[in-house]
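Q: Turn this into a model:
(2 chains)
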Number of protein chains: 2
Amino acid sequence: MVKIAVLGYGTVGSGVVQVLNTNQELIDKKSGTEVRVKYVLDLRDFPGDPIQDKIVHDFNVILNDPEVQVVVEVMGGLKPAYDFTKAALEAGKSVCTSNKELVAAHGSELLDIARSKNVNYLFEASCGGGIPIIRPLNSSLTADDIDEISGILNGTTNYILTEMTEKGADFADALKEAQELGYAERNPEADVEGYDPCRKIAILSSLAYGKTVHYEDVYTEGITKVSPEDILYAKKLKMAVKLLASGHKVTNGDKTNYYAMVAPFLVDKHHPLYSVNGVFNAVFVHGNMLGDAMFYGSGAGSLPTASAVVGDVVDAVRHGNRNISIFWDSEKLELSPNDTATRPFFLRVPASRKEEAEKLFNAEKTITIDTLPNEVGIVTGILTEKEFADRSETFGDVISRIRINQ
Amino acid sequence: MVKIAVLGYGTVGSGVVQVLNTNQELIDKKSGTEVRVKYVLDLRDFPGDPIQDKIVHDFNVILNDPEVQVVVEVMGGLKPAYDFTKAALEAGKSVCTSNKELVAAHGSELLDIARSKNVNYLFEASCGGGIPIIRPLNSSLTADDIDEISGILNGTTNYILTEMTEKGADFADALKEAQELGYAERNPEADVEGYDPCRKIAILSSLAYGKTVHYEDVYTEGITKVSPEDILYAKKLKMAVKLLASGHKVTNGDKTNYYAMVAPFLVDKHHPLYSVNGVFNAVFVHGNMLGDAMFYGSGAGSLPTASAVVGDVVDAVRHGNRNISIFWDSEKLELSPNDTATRPFFLRVPASRKEEAEKLFNAEKTITIDTLPNEVGIVTGILTEKEFADRSETFGDVISRIRINQ
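A: Next up is the predicted model:
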């Protein structure tokens, strides 16, 4: 039998207990032994809850109990999660987590400690909730040189953008609806400003490229400026506006540039991410041998996220005191300045300055919307971010702009 | 250094050599050692090919060479692949394969031998080409009770159905085009009659449910009867016709029924499989905790399939003489008779008998197409397969029918 401790009895923590109880027989079989919760760490008590007699308030009870072999850290945040995780790993216990902040900030360090102690630090649930993506990246796509990993990694913003697209709602109304339905928090900043997917793409890019992408280096732009008018143009272009978090590797001759970014993008109808709607998440991967692949599912929610955490627990139990190789070096991956990234852009300009804008931005296509007679929409040729920004400044009259995914 | 042997230098075998050469540095790093091809077994010689001096015609050279630790079996078919695989495993060599016929016919037996010898039999490439699905099923979705696994598992038929949908082509023309483009073989029977996805769903269902699904027990219907008229109705219903291979687990009280089937289905616009077009494949999984998940990518082709095979080679090398637990018992999974499966159906009947048909089939919806004035399309209520078949026989005048995916 393997005893585990759950740190934090919130949304994910209670989900973990529920998954373990509901599928106990199956999980025991796949683990090769009985897996049982011995402690739940929380500041609160839960009188009447079936786990009430497992609640402890002092982490040292868990740390000093040699029977606890796997610790589930689902507290979120850096403090005290970082100290607890480090102490658990150093005590020779494996740790499974959904904590994207901690993995993004200290992932490679914690992996090193796990390796040195022959245990595991597993974090499948940190990116894309229940979607298996960390393990496939680490164990399945090992024959491929991955040149792109792009995802819809935040359900709240994808729900808002889907509502804006399907109902013509504006951002504020769609956000309010998302809050009423419990899909967005009262303070929605981490979602709508892109801070949440920024952590996740830092983790995924680090795994795809094997070195550490610092999330502070990832250019991040949220969806607060996306308007219903932008979406009208997107529809006319047979595209959808999606908040993409993406990592790219671009090789020109001997020189390899790495880019990472979170921003709204226009995604073409034929791209698999186009159809990912509502609160669903998906991660698109392109490998030099594999071509396109995509992983789709529930990116958040108590049970889907808990399912991924418990999947990690099963893996930790199966591996016992054997470290699973995860390629994520502590060396910093130097991202190239975003200025040098190239792509087409979409922009809206006053109708009166149509020809001037077409020339300045190397227009590939100009479109108009009947209900917006005073403006035109332009799809530019391939430009660097800097060229586009400079020309926009020169032009002076850009109503809005969205990047186009290639 | 680990030496490997490749059995069969056809489409996938040459892809395996190409993947190993192109991404050699990365593959060595992920394997933790150098991985090199020592032999390629083929009946032919390949003068001028870089591998010409590695060609052998006698499998015993490979079998008796203790330096060969991993054998890649990409010959296809049962003979002599079965004998070679068994002999290699018994000699303590791991085997990685893309051979769906062999895995479907002898998977659990070969896994047992691998386990007894502390080596591995890995077959990620046997279902869905380059799409990671076997390893996620086996190592990631371990906390879930999987009640559905459904896939678009054949690129040829998906290409044909996509062409019929986008261009209004009929089956024969779309097949001809697929053959000209090399997406369909000159003898297309294994694809268009569903024999290929039948093998694949037998494998996936066996892994999802842990016992052996015999592919001979899987009810299989191809796409040869799907007509352009059927597709007009599908579009009007905002659905798409897809050849689905699916395994279901249906629990009613104490009784659990397992079903497996390959047949054309109408798939709703909001289902993630709806948007999987052309030669792409995808596998949809529903778990009791995870909810919906989908894995998408290139289901065939030399390099994507080879990428999955080489991913298995890396895993085999990493694990050395440690068996990876794969839950697939040799005990036969008794499938329930297809007759008892329940679902809605779509059928076309003469317009003159509309009311009669609506009553007989518990119609939920009746639709008409302007260009087909002499008939109507009916979406039935939930019926068992037997009820639908019996009523169709009673009615006697059904123009066509397609199952509806739920």
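
Q: and the stretch 251-400 of chain A, which residues reach chain B?
A: By the rule CB under 8 Å from any CB of the partner chain, the part of the stretch 251-400 of chain A lying against chain B is A:270, A:272, A:274-275, A:277, A:280, A:287-298, A:301, A:303-304, A:306-311, A:313-315, A:318, A:322, A:325, A:327. The way it works is simple: take the backbone N, C-alpha and C, and place the C-beta from them, glycine included.

Q: Out of the residues you listed, which sit inside helices?
A: Under the assignment DSSP state H, these contribute A:303-304, A:306-311, A:313-315, A:318 to helices.

Q: In PyMOL, how would I select just the buried ones from the residues of the stretch 251-400 of chain A next to chain B?
A: What follows is the PyMOL syntax selecting those of these that are buried according to 16 or more other CB atoms under 10 Å in any protein chain shown:
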select buried, chain A and resi 272+274+275+277+280+287+288+289+290+291+292+293+294+295+296+297+298+301+303+304+306+307+308+309+310+311+313+314+315+318+327
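
Q: Kindly format the C-alpha coordinates of stretch A:141-155 as CSV.
A: Coordinates of each C-alpha in stretch A:141-155 appear next as CSV, following Å, rounded to 0.1, in the frame of the first residue of the first chain:
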residue,chain,number,x,y,z
LEU,A,141,7.2,13.0,-29.1
THR,A,142,10.8,12.1,-28.4
ALA,A,143,11.8,11.5,-32.0
ASP,A,144,10.8,14.9,-33.2
ASP,A,145,12.4,18.3,-33.4
ILE,A,146,9.5,20.4,-32.2
ASP,A,147,9.3,23.8,-34.0
GLU,A,148,6.0,25.0,-32.7
ILE,A,149,3.9,24.5,-29.6
SER,A,150,0.8,26.7,-29.5
GLY,A,151,-2.2,26.4,-27.3
ILE,A,152,-5.5,27.7,-26.2
LEU,A,153,-4.5,27.4,-22.6
ASN,A,154,-7.1,29.4,-20.8
GLY,A,155,-10.8,28.4,-20.7
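
Q: is any part of that stretch close to chain B?
A: Yes. Contact of stretch A:141-155 with chain B (CB under 8 Å from any CB) involves A:141-145.

Q: Please produce a markdown table containing these, extended by pLDDT, secondary structure and distance to A:Asp230.
A: Conversion of the residues of stretch A:141-155 next to chain B to a markdown table gives the following (pLDDT from 0 to 100; DSSP: H, G, I helix; E, B strand; the rest coil; distance: CB to CB, whole Å):
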| residue | pLDDT | secondary structure | distance to A:Asp230 |
| --- | --- | --- | --- |
| A:Leu141 | 96 | helix | 34 |
| A:Thr142 | 96 | helix | 40 |
| A:Ala143 | 97 | helix | 40 |
| A:Asp144 | 97 | coil | 35 |
| A:Asp145 | 97 | coil | 35 |
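
Q: got the contact list for A:Phe84?
A: Contact partners of A:Phe84, counting by CB atoms under 8 Å, 6 or more residues apart in numbering or on different chains, are A:7, A:59, A:63, A:71, A:73, A:75.

Q: would you list the residues you listed in TSV and tack on pLDDT, distance to chain B and neighbour count?
A: As requested, these are exported to TSV (pLDDT from 0 to 100; distance: CB to the nearest CB, whole Å; neighbours: other CB atoms under 10 Å in any protein chain shown):
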residue	pLDDT	distance to chain B	neighbour count
A:Leu7	98	18	24
A:Phe59	98	25	18
A:Leu63	98	25	17
A:Val71	98	17	28
A:Glu73	98	17	27
A:Met75	96	20	24
